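K.L.:
I would like to see how this sequence folds:
(one chain, ligands or ions: 1)
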Amino acid sequence: MRITFLGTGTSQGIPVIGSNHPVCLSEDHKDKRLRVSVLLSWSDYSFVIDCGPDFRQQMLTHEVSKLDGILFTHEHADHTAGIDDIRPFFFRQGDIPIYAHERVIASLKQRFDYIFADANRYPGAPAVEVNLVEKDKPFKIGDTMVMPIEAQHNRLSVLGYRIHDFTYLTDVKTIADDELEKIKGSQVLVVNALREEPHHSHFNLREAISFSEKVGAPKTYFTHISHLLGFHKDVEKKLPKGVLLAYDNLVVNL
Ligand SMILES: [Zn+2]
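P.N.:
So this is what the prediction gives:
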């Protein structure tokens, strides 16, 4: 499986609009971060986890011409707002499978009612095939099983996903011990690390490092990064062995 980091930024992306923060002004391509998402590709399959506001640009950059489905972590706009741009895939392929918790589907139905409408559909509106995900129920995408993992984003529960030896978790602040057990043995872990200062709903750098130690994966990549975390090249130097900062367009092969 090939994992492509489509976006590694927090909700506003980097640069933040109108910001004069040095990280927002950085010329280093590793300091430019679109909203968080990954592309999972293997055999002839392509799936994404989340589709935020930068989805269209991410699909164009990586020349994705077929999309087999979208796995959602939760309903926040930085993870879902790009769903209208599944249209080109829908026109070629038909209904696009989406995988999400029931609560997330309810939120999408409210905000993108035309995508889910049964009657009087607007010509040109995309359609989806809904697949409900529950935390302890593994499901299949393509020819591969996925184990959902539940974590807490302040008071909102979010889902992460384990596929073979790869685990992707974002927007985590706390996680129960039995969910942590599901992640152990992963070879590659992706998890959020927002900034140095504490935050009410995200791991800060220290919490993300301590979580990566608990999981003990040989390789951990941090994502969902704020400009407040600092320059990519400086932050990398502070990280323990086997822990790396992800950056946009990074490709990891498993
Ligand atoms: Zn987020």
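
K.L.:
would you list every one of the strands in the stretch 51-200 of the chain?
P.N.:
Using DSSP state E, counting those that start in this stretch, the strands found in the stretch 51-200 of the chain span residues 69-71, 96-100, 128-132, 139-141, 144-153, 156-163, 166-168, 188-192.

K.L.:
what strands line up against the last one, and which way round?
P.N.:
Take DSSP bridges as the rule and strand 188-192 pairs in its sheet with strand 166-168 (parallel), strand 219-223 (parallel).

K.L.:
give the bridge partners for the residue positioned nearest the centre of the chain, please.
P.N.:
In the chain, the C-alpha closest to the average C-alpha coordinate belongs to Ser37, at a distance of 3.7 Å (C-alpha atoms, centre = their mean). Beta bridges link Ser37 to Gly7, judged by DSSP bridges.

K.L.:
how many other residues sit next to the residue of the stretch 101-250 of the chain found nearest the ion?
P.N.:
The minimum distance from the stretch 101-250 of the chain to the ion, using C-beta to the ion, falls at Asp171 (4.6 Å). Quick note: C-beta positions are derived from backbone N, CA and C, even for glycine. Neighbours of Asp171 under the rule other C-beta atoms under 10 Å: 29.

K.L.:
I'd say it and Val158 touch.
P.N.:
Yes. Between Asp171 and Val158 there is a contact at 5.1 Å, judged by C-beta atoms under 8 Å.

K.L.:
give me the common contacts of the two.
P.N.:
Counting by C-beta atoms under 8 Å, 6 or more residues apart in numbering, the contacts common to Asp171 and Val158 are Thr73, His74, Ala151.

K.L.:
PyMOL command to pick out the buried ones of those residues?
P.N.:
Listed next is the PyMOL selection for buried residues among the shared contacts of Asp171 and Val158, using 16 or more other C-beta atoms under 10 Å:
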select buried, resi 73+74+151
